[in-house]
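Novice: need coordinates for the below:
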Amino acid sequence: FSSFNVRRQMSNGGTDRSKISQHNASAGCFAALLSDYQEMLVHTIRPSGDKLDWSTVRDLRLPFWLRSDEKLRQISEEVGQQMYRDSKDILKSAIFFVVAGKKRTLMNLAAADNTDSGKKFYKFLSGYDFSSDRG
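Specialist: Residues are numbered from 1 along each chain as shown. Below is the predicted model:
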């Protein structure tokens, strides 16, 4: 769990990112995968009451070790929401809403986006039936 402690120290301003070795990150990821306390790990790494962002999820390799599909969907939705709030670009956050299975939320955000790319994306989403094999 050394990479989790390093991540926590980094958020407190204690450790430089360049000092984290790939070996430690892989060992922490493997330990988390085998852990029976994954919910507790996710709770520990979450910033105090905040939503997780993509850089945190990516640095901790959370999608590789979290075994709960439902929890992974929730975290994916959180990341998508946070990314959309930060960038206001629906295309940057779309993949996270797709992974979370939140097509309705994605369509609503695309409909509210008045940029050309947002309008095209909304037209794409509303023009296809993604529930069938044929699309």
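
Novice: so how far is the biggest helix by length in the chain from its chain's centroid?
Specialist: The longest helix of the chain (DSSP state H) is helix 69-87. With CA atoms, centre = their mean, to the nearest Å as the basis, helix 69-87 stands 5 Å off its chain's centre.

Novice: residues in contact with stretch 104-111?
Specialist: E77, Y84, I90, S93, A94, F97, V98, G118, F121, Y122, L125, S126 (CB atoms under 8 Å, 6 or more residues apart in numbering). Backbone N, C-alpha and C define where each C-beta goes, glycine included.

Novice: gap between it and the chain center?
Specialist: That offset, for stretch 104-111, works out to 18 Å (CA atoms, centre = their mean).

Novice: now the helices for this protein?
Specialist: 2-11, 22-34, 38-45, 54-59, 62-65, 69-87, 90-100, 103-112, 116-127.

Novice: give me whichever of these is most buried.
Specialist: helix 90-100 (a mean of 19; mean count of other CB atoms under 10 Å).

Novice: now that helix: average pLDDT?
Specialist: Helix 90-100 shows a mean pLDDT of 93.

Novice: and that helix, how far from the chain's centre?
Specialist: 9 Å.

Novice: what's the angle between it and helix 116-127?
Specialist: Relative orientation of helix 90-100 versus helix 116-127 (axes from the mean of the first three to the mean of the last three CA atoms, to 10 degrees): 30 degrees.

Novice: helices and strands around helix 90-100, which ones?
Specialist: helix 69-87, helix 103-112, helix 116-127 (3 or more CB pairs under 8 Å, 6 or more residues apart in numbering; DSSP states H and E).

Novice: is it possible to export those helices to JSON lines including distance to Y37?
Specialist: Shown next, in JSON lines, are the helices and strands packed on helix 90-100 (distance: least, CB to CB, whole Å):
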{"stretch": "helix 69-87", "distance to Y37": "13"}
{"stretch": "helix 103-112", "distance to Y37": "30"}
{"stretch": "helix 116-127", "distance to Y37": "38"}
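
Novice: please produce JSON lines containing the ones you listed, extended by mean pLDDT.
Specialist: Formatted as JSON lines, the helices and strands packed on helix 90-100 follow (pLDDT from 0 to 100):
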{"stretch": "helix 69-87", "mean pLDDT": "93"}
{"stretch": "helix 103-112", "mean pLDDT": "92"}
{"stretch": "helix 116-127", "mean pLDDT": "91"}
